[in-house]
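A.B. asks: Got a sequence here, can you build the structure:
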Amino acid sequence: MKKKIGDFLELLGFMLSIVAIPSFFFFLVFTILIGGDALNGYMRHGEYFVCSHGECKEVWPLIFNISWYSGIVMVSAFIPMCLLCAAGRALQGNEASEIEH
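C.D. replies: The predicted structure is shown next:
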């Protein structure tokens, strides 16, 4: 039973990777191109700033929003993908070790 649940969790993790991996690379490249990201940035008095390593740059609101939403999608997809795959592997590994003993 644990193996079936492990297989299912791993399948869910794989399905989530279809969104997570491209969103990670998009966020990474976009962050490099604009010199920071909105997750570390801020908005003040109608001005939008992206930050990286303590340095902030003012950007257009559209650029800030793209960075913000791509970061949220990346975090919301990448972390659960890793957790689902790890849980699936752990359950599959426990089943295999029980069979050997």
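
A.B. asks: give me the low-pLDDT residue ranges for the protein?
C.D. replies: Where the chain drops to pLDDT under 70, the residues are 94-101.

A.B. asks: Can you show me the strands along it?
C.D. replies: 37-44, 47-52, 55-59 (DSSP state E).

A.B. asks: Check whether residue 64 really touches residue 38, as I assumed.
C.D. replies: Yes - here residue 64 reaches residue 38: they are 5.0 Å apart, a contact under Cβ atoms under 8 Å. (Glycine included, C-beta is placed from N, CA and C.)

A.B. asks: got the angle for the longest helix anywhere in the chain vs strand 47-52?
C.D. replies: Secondary structure assigned by DSSP state H gives helix 61-100 as the longest helix of the chain. When axes from the mean of the first three to the mean of the last three Cα atoms, to 10 degrees is applied, the directions of helix 61-100 and strand 47-52 differ by 40 degrees.

A.B. asks: what's the distance between helix 61-100 and the middle of its chain?
C.D. replies: Helix 61-100 has its C-alpha centroid displaced from the chain centroid by 7 Å (Cα atoms, centre = their mean, to the nearest Å).
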